[in-house]
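Colleague: need a structure here:
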Amino acid sequence: MTTLIIAARRGLNEIQQWSRRALFRRITIPIGLLTLGLLFPEAGAIMVETISEAYLQVSVFVAATLTLIYGAERIFKFDMAGFLAGHPRLQVPIAAFLGALPGCGGAIVVVTQYVNGHVGFGALIAVLTATMGDAAFLLLAREPVTALIVFGLGMVVGTLGGYVLEAIHGRDFMRQQSLTSAEEAKRRVVSRRRPVSIRALHPVWIALMLPGVIFAIPIAMQLDPNTWFGELAVYRPVTLLGFVGGVLALLMWATYLSSDPHHQYTAANPNDLTATRPTTGSRVISDTNFVTVWVIAAFLLFELGVHFSGADLASWFAVWAPLTPLIAALVGFLPGCGPQIIVTTLYLSGAIPMSALFANAISNDGDALFPAIALAPKAAIVATLYTGIPALIVGYGAYFLLP
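Modeller: Now for the predicted structure:
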């Protein structure tokens, strides 16, 4: 009994220490924004407009898309991992298709199935080439036609690259053994020690999101729904709604008042063996909050950068235009979706050309690179470097061919 008590206390201390470190890092972001707004009122006004714009023009569409995707997954109970293992000849194009889907869920399925020996190296290359990560939601919300072009391009390039590299290296290239040891099981248990989800704010989140979806449609059509409120229009109620919604998402993310921010929502992920599958609502809220935070960061980086520097970023990038596909491809090597969202935002603002967007979309691996690095680091590095080759070819091809 004494041993159990000591172990429980040790586990509690680890959780508390992890919580303090993680909470401190994230909470500095909203505190920093608040301080900046108080010190520079003009910057504060820009932040209100920008956060509202990010919420009403991106976040609400992300939430709607995730609700459809996760809801369909739960209703139809489709086991994509099992299907991949049972159809080896179709693995590469299916992996490319999963990678082209917005978000990182499909890519994570393929990555973990590669580690477990169920799909080949070609499928790994295909999915990492095709995926655009969470940046796809931003592009889909703002320029759906361009998004479809990028998705299709990623599928084609990913499929071709997957077949070619699997023919060169074989299916089992750089594959590690499946993670089934007692030590690995212990590591998974420790890795899942995260603060418990707190869902008290979920109803408030939904209450802001539902009218946000309604107002987002006319905004996407270049209409101002603030004018619908007559004399109250002077207070800009829709803008305030977007600002409050964006701030709530930021605070929930910063204080972990939503689902586990390091989740990997797929049964194929070995880390899920020690965790209870979250509800569809929790997944939508957690993922939307994550995307919202990075979209807000990208929007603010651009708007405040222009405000304080007075620089014309479009003109600056025009001078360095020949290097933008290369820079965008190098940014794509960075793990996670945050840097990729920034690149997509720069494209949408007109600061970088479409060729840079193409290069980044092909080279970036989104959040799928995190489990790849954790489970098969050598294969992850090699596969990431391989995706840079078609990224540069397509990027510079588009740079010289597109007007």
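Colleague: alpha carbons only for contacts and neighbour counts from here, please
Modeller: Will do.
Colleague: remind me which residues of the stretch 51-200 of the chain are low pLDDT?
Modeller: For the stretch 51-200 of the chain, applying pLDDT under 70 flags the ranges 78-82, 175-198.
Colleague: Let me see the ranges of the helices in it.
Modeller: Taking DSSP state H, counting those that start in this stretch to define them, one finds helices in the stretch 51-200 of the chain at 60-76, 80-86, 91-100, 105-115, 121-130, 135-142, 144-169, 182-191.
Colleague: Break down the protein into its strands, ranges please.
Modeller: Applying DSSP state E to the chain gives no strands.
Colleague: so which of the helices of the stretch 51-200 of the chain comes closest to residue 308?
Modeller: helix 135-142 (25.3 Å; Cα to Cα).
Colleague: Who are the packing partners of the closest one?
Modeller: helix 60-76, helix 144-169, helix 338-348 (3 or more Cα pairs under 8 Å, 6 or more residues apart in numbering; DSSP states H and E).
Colleague: The first one vs helix 105-115, what angle?
Modeller: Angle, helix 60-76 to helix 105-115, by axes from the mean of the first three to the mean of the last three Cα atoms, to 10 degrees: 50 degrees.
Colleague: Could you find the closest non-adjacent residue to the most centrally placed residue in the chain?
Modeller: By Cα atoms, centre = their mean, the chain has its centre lying nearest to residue 134, at 2.9 Å. Leaving aside its sequence neighbours, residue 134 sits nearest to residue 103 (Cα to Cα, 6 or more residues apart in numbering; 4.4 Å).
Colleague: Count the neighbours of that neighbour for me.
Modeller: Residues contacting residue 103 under the criterion other Cα atoms under 10 Å number 25.
Colleague: want to throw the helices and strands packed on helix 135-142 into CSV with distance to residue 213 and mean neighbour count?
Modeller: Listed next are these as CSV, based on distance: least, Cα to Cα, whole Å; neighbours: other Cα atoms under 10 Å:
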stretch, distance to residue 213, mean neighbour count
helix 60-76, 5, 17
helix 144-169, 17, 19
helix 338-348, 21, 23
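Colleague: To residue 125, which of those lies closest?
Modeller: helix 144-169 (5.1 Å).
Colleague: What helices and strands are in contact with that closest one?
Modeller: By 3+ Cα pairs under 8 Å, 6+ apart, helix 144-169 packs against helix 91-100, helix 121-130, helix 135-142, helix 354-363.
Colleague: what do you get if the cut-off is 10 Å, keeping everything else the same?
Modeller: helix 91-100, helix 121-130, helix 135-142, helix 354-363, helix 377-401 (3 or more Cα pairs under 10 Å, 6 or more residues apart in numbering; DSSP states H and E).
Colleague: re the thing from before, residues touching the residue nearest to the centre of the chain, list them.
Modeller: 62, 101-105, 287-288, 290-291, 294-295, 336-338, 340-341, 366-367 (Cα atoms under 10 Å, 6 or more residues apart in numbering).
Colleague: could you dump stretch 128-136 to PDB, C-alpha only?
Modeller: What follows is stretch 128-136, C-alpha atoms only, in PDB (Å, rounded to 0.1, in the frame of the first residue of the first chain):
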ATOM      1  CA  LEU A 128       3.500  13.400 -46.300                       C
ATOM      2  CA  THR A 129       3.600  14.900 -49.800                       C
ATOM      3  CA  ALA A 130      -0.100  15.300 -50.100                       C
ATOM      4  CA  THR A 131      -1.000  16.600 -46.700                       C
ATOM      5  CA  MET A 132      -1.300  20.300 -46.100                       C
ATOM      6  CA  GLY A 133      -2.300  19.900 -42.500                       C
ATOM      7  CA  ASP A 134      -4.500  22.400 -40.800                       C
ATOM      8  CA  ALA A 135      -3.500  25.200 -43.200                       C
ATOM      9  CA  ALA A 136      -5.900  23.500 -45.600                       C
END
